[in-house]
Each structure stands twice: as C-alpha cells, then as structure tokens.
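Visitor: sequence below, structure please.
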Amino acid sequence: MRDLLPPEVAVAVAGPGDWTGRLLAEELACLGERAVESRRRDFTAGRVCARRAMVTLGLPPAPVPAADRAPVWPSGVVGTITHTRGYCAAAAARSSEVRAVGMDAEQHKELGPGVRRLICLPEEDVHLARLPVGVSWPAVLFSAKETIYKVWHPVVGTWLDFTDALVEIDPDAGTFSARIAPARVDAAPVGNPPRVVHGRFVVTDGLVRTAAVLPLP
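Guide: Numbers count the residues shown, from 1 in each chain. Modelled structure (predicted):
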C-alpha cells in the first residue's frame, strides 16, 4: 500500500500483534458484545493501524470510532481502512492536503459469473477481456470500485453502486481511472463532487491492492 499512495499519506500495515491490540474506549463502544472473533480482530487491527498512521503524520493517536461500519476520523484528518483474510492496513492524511483517500485489499481469485454481473458494466466486460492473461481482472475491478466508493462517500455522503463508476485499467502502468455516472454527480448534495477518480493497483502475494487519492479542489 505504501507504494500506491503519495508521500503526504501515511500508511500503516498490520503486524502479528495488531490483530489483538488495544482499543480505545470510543472504539470499543462501537464493536458490540456480540461481535464475532473475526470481526473483532479486523476492527482492532484497523484501529491500531489508523492510530499509527496518525502518529506518522505527527498527530496524536486519536480514537477512530465507527458509524454504519465506516471509520469516523478526527477533525482535520481523512483516512481509510481495509482488511481481508490475513491482511489489514490503514492510511491517513491531513485534510488540509488531501480531500479524500481510499484503499482496498482483496484476495486474488477468480470471481463467479454472478458476482461479475453485479460489479461489471458491459463496457467493462469488453475491456477486461482484452487485458493480458494471468491476472483476475474482475478482482482488480472489484477492488478498484471499493476504493472509489471509499473516496466518494466521505466527500459526498451518498451511496455509490458498482455500476455508478465506469473503470478502465492500464495493466502496464498499474493504474486505473473511473468516471462517475453523471446522474450521481448531478444529484450530489455537495459542491464540486468527484467526477473522475484516478488510482493505482498491484497484484502480489495472493492479494489485489488498490488505492486512490482525491486532491483538494
């Protein structure tokens, strides 16, 4: 993840002890007594990494609670958290330097036809079929759209469906770009909503990682 984001964004990747690390009171209150062990470990690693990223920025390690399962960052900070089996990372930046940051990690595997129908536009199906073999490009597309949503939602505050972003992948450059559906942009309840999101990706160690930064207007 560190290689996918610019220097003004601090990234922390979970180590072995972070999955059972310490939660602050505000964070623990969001977890709930009925949280299953896997949820508890993912949540904990994400918050430990989030606070470590803030410290890297020279900021105090403030709590990062949750609302509707999304992290709530302290004033002056934008950030993102991702986790998949065996991997967790968080990124943070000062809101005076970055409008939003998003990232996602997924297992690198083939996706079934049903999942592909949910996430791929017809134009994307044609595009993916032309890309080099050896990579599960639908998995890259899925991860990219998760990252795009994580950039969109903190800024706009509305839902973004998989079919609301048209993604094009450049396999040689390791980049992707997404055009947000005009109807979503026009209906956005904020000024200057993102129309295009540019990001980067890498496929290594059995994982797909994607990340994107939305610059200040």
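Visitor: what about A90, how many neighbours?
Guide: Residues within reach of A90, counting by other CB atoms under 10 Å, total 29. Bear in mind the C-beta positions are built from the backbone N, C-alpha and C, glycine included.
Visitor: how close does it get to T158?
Guide: As judged by CB to CB, to the nearest Å, A90 and T158 stand 24 Å apart.
Visitor: next: L31.
Guide: 26 Å.
Visitor: what do you get for V167?
Guide: 19 Å.
Visitor: between those two, which is the more surrounded one?
Guide: Neighbours were counted for V167 and for T158 using other CB under 10 Å; V167 has more, 25 against 14.
Visitor: is that one in contact with S143, as I believe?
Guide: No. Applying CB atoms under 8 Å, one finds V167 not in contact with S143, separated by 10.2 Å.
Visitor: the helices in this structure, which residues?
Guide: 25-31, 37-56, 113-119, 122-129, 137-156, 182-186 (DSSP state H).
Visitor: how about those in TSV, adding distance to Q107 and mean neighbour count?
Guide: Shown next, in TSV, are the helices of the chain (distance: least, CB to CB, whole Å; neighbours: other CB atoms under 10 Å):
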stretch	distance to Q107	mean neighbour count
helix 25-31	24	15
helix 37-56	14	21
helix 113-119	13	13
helix 122-129	18	14
helix 137-156	7	23
helix 182-186	28	13
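Visitor: and those helices: which comes nearest L216?
Guide: Comparing the helices of the chain against L216 with CB to CB, the closest turns out to be helix 137-156 (10.9 Å).
Visitor: pLDDT (mean, whole number) over that closest one?
Guide: In this model, helix 137-156 has a mean pLDDT of 97.
Visitor: same thing with stretch 202-211?
Guide: Stretch 202-211 shows a mean pLDDT of 97 in the predicted model.
Visitor: how long is that stretch end to end?
Guide: Start-to-end span of stretch 202-211 (CA to CA, to the nearest Å) is 9 Å.
Visitor: which residues does it contact?
Guide: 1, 3-5, 84, 87, 91, 101-108, 135-136, 139-140, 142-144, 146-147, 174, 176, 199-201 (CB atoms under 8 Å, 6 or more residues apart in numbering).
Visitor: out of those residues, which are buried?
Guide: For the contacts of stretch 202-211, a neighbour count by 16 or more other CB atoms under 10 Å gives the buried set as 1, 4-5, 84, 87, 91, 101-106, 108, 135-136, 139-140, 142-144, 146-147, 176, 199-201.
Visitor: what bridges to the residue nearest the centre of the chain?
Guide: Centrality entry for the chain: nearest residue to the mean C-alpha point is M103, 2.7 Å, by CA atoms, centre = their mean. In this entry, M103 is beta-bridged to A211, by DSSP bridges.
Visitor: ok, it touching D3?
Guide: No. The criterion here is CB under 8 Å, and M103 misses it with D3 at 11.6 Å.
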